[in-house]
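**Student:** Here's my sequence, what's the structure:
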Amino acid sequence: MVAKQFRVRRGSTMSKFHFSRRGFVQMTFGSALSGLWSALGVQISKASSRRNTNPGNRTRLRDLGITIGRLPTGLHNAITDVEGVRVGHTTNISGSGRLIVGEGPIRTGVTAILPRSGNVYREKLPVGGFILNGNGELTGLLNTLNGGLLETPIFLTGTANVGIVYDAALTYLLQEHPEIGVTERVPVPVVGECWDSLGDIQGRHLSEDDVLRAIASAADGPVEEGAVGGGTGMRSYGFKSGIGTSSRRIPANRGGYTVGVLVNANHGSRHLLRVDGVPVGEELLRYPEDEVEKSKSIIIVAATDAPLLPIQLNRLCKRLAMGLAKTGSVSTHGSGDVFIAFSTVPRSSDENVSWTGDNGVSSLWEAASEATEEAILNALTAAPTMDGANGSIRHALPLDRLTEIMKKYNRL
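**Tutor:** Numbers count the residues shown, from 1 in each chain. Below you'll find the predicted structure:
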């Protein structure tokens, strides 16, 4: 059995230990609970990794034979298919049982999206945004909408951790650019949040080092999905969820551009879930559910190598909402559904860039909608069952039942 690294917090001291997955379960939860979890098919989420090595039988939607839309994906079917974009996670999981504020259980993390391989503070990128329903937070959104420029990485985390992540992002930027605040303007970091209610929220179990570690681990290629990083404590449509990603390439005669999407999904009620139009949620109404309609928000990040202006990126963000709707969301009153999109083509005065004309953007809108729909579903198929504070359990979307339902409706 391959050993996995888990990060365990005791008080204010963070230590690292190496155990097998079975050893970790036995140590933390006891042999009796381990047996119960095994019977339930519960998976233990692992520490952060940049590779998409989903635990147990968790997988991606296309690995089940389910295809969304008509456009082809990029190489990795991820936001990192847009050249220069990198993603990193830090995942903090420890403890179980009764909630003790300040101690645990801990089910939280942070995801960092680095928008290009160059210096985004120096070579700012065109950016747009859209608020479908505003019961949430994305710091820096006013600044990006006002100036139409992105100058920091984008971070996703739990609601109570926004201040910690924002402060750590400034630390990172000051390390990279010591002239900030002296001879140069202070940037506004972009930090999006969802309510990760599975663990000890009041404890705010993230540190500056956690955020810096997520930045340092950011890489291109496959992206780990599910209960990792900012998605560790999230749930969607009554099932365990979190981080999901997907991409689409438009035809060469329409520019050959790529659109990549990454979501932190924490929204929707069970009965609403749709997979390629199939009412999967209605078919699974009797499947175990520990809570009803408490998780409501989603942050969606899109990237493209198409040279788009900020106003066009604002329009692209609205098509992310259409992909969200195709999974069943109605964006309820209490939901924080906030979207941001950027182009990796710098808006630099010394470059001669031919910006995309409005007649050529419709294929990008289609790509954005398809990639969003699949990214949300990947978050569900990748996330394992996870326990939480006070004995709560968030069950994984049952993949065997999903395939049965899709066959029933002639989708497989």
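**Student:** For residue 376, what is the enclosing helix or strand?
**Tutor:** Here residue 376 sits within helix 362-382, counting by DSSP states H and E.
**Student:** List the buried residues in that helix.
**Tutor:** Using 16 or more other CB atoms under 10 Å as the test for burial, helix 362-382 gives 363-382. C-beta: built from backbone N, CA, C; applies to glycine.
**Student:** Please enumerate the helices of the stretch 51-200 of the chain.
**Tutor:** For the stretch 51-200 of the chain, the helices defined by DSSP state H, counting those that start in this stretch occupy 141-147, 162-176.
**Student:** go on, the stretch 251-400 of the chain?
**Tutor:** For the stretch 251-400 of the chain, the helices defined by DSSP H, counting those that start in this stretch occupy 280-283, 310-326, 362-382, 399-408.
**Student:** Flag the shaky bits of the protein, pLDDT-wise.
**Tutor:** Residue ranges of the chain with pLDDT under 70: 1-56, 289-295, 349-351.
**Student:** Please name the residues that touch the nearest residue in space to residue 323 that is not next to it in sequence.
**Tutor:** Spatially, and ignoring its direct neighbours in sequence, residue 323 is nearest to residue 372 (2.8 Å; CB to CB, 6 or more residues apart in numbering). Residue 372 is in contact with 246, 261, 263, 300, 302, 319, 320, 322, 323, 324, counting by CB atoms under 8 Å, 6 or more residues apart in numbering.
**Student:** looking at the sheet around the closest residue to the fifth one other than its chain neighbours, what are its partners?
**Tutor:** Nearest non-adjacent residue to residue 302, counting by CB to CB, 6+ apart: residue 341, 3.9 Å away. Counting by DSSP bridges, residue 341 is bridged to residue 128, residue 302.
**Student:** Next, work out how far apart residue 341 and residue 82 are.
**Tutor:** Noted for residue 341: a distance of 11 Å to residue 82, by CB to CB, to the nearest Å.
**Student:** Overlap of the contact sets of the two?
**Tutor:** By the contact definition CB under 8 Å, 6+ apart, residue 341 and residue 82 are jointly contacted by 303, 304.
**Student:** quick one: which of these two has more around it?
**Tutor:** Shown here are residue 341 and residue 82; by other CB atoms under 10 Å, residue 341 has more neighbours (30 against 25).
**Student:** So the more buried one sits against residue 309, correct?
**Tutor:** No: using CB atoms under 8 Å, residue 341 makes no contact with residue 309, being 11.7 Å away.
**Student:** Could you double-check that residue 211 sits in contact with residue 162?
**Tutor:** No: if you go by CB under 8 Å, residue 211 and residue 162 don't touch, sitting 11.3 Å apart.
**Student:** And these two? Which one has more around it.
**Tutor:** Between residue 211 and residue 162, residue 211 has the larger neighbour count (other CB under 10 Å), namely 28 against 20.
**Student:** Going by secondary structure, the more buried one is in what exactly?
**Tutor:** helix 208-217.
**Student:** what's the following helix or strand after that helix?
**Tutor:** Trace forward from helix 208-217 with DSSP H and E and the next one is strand 235-236.
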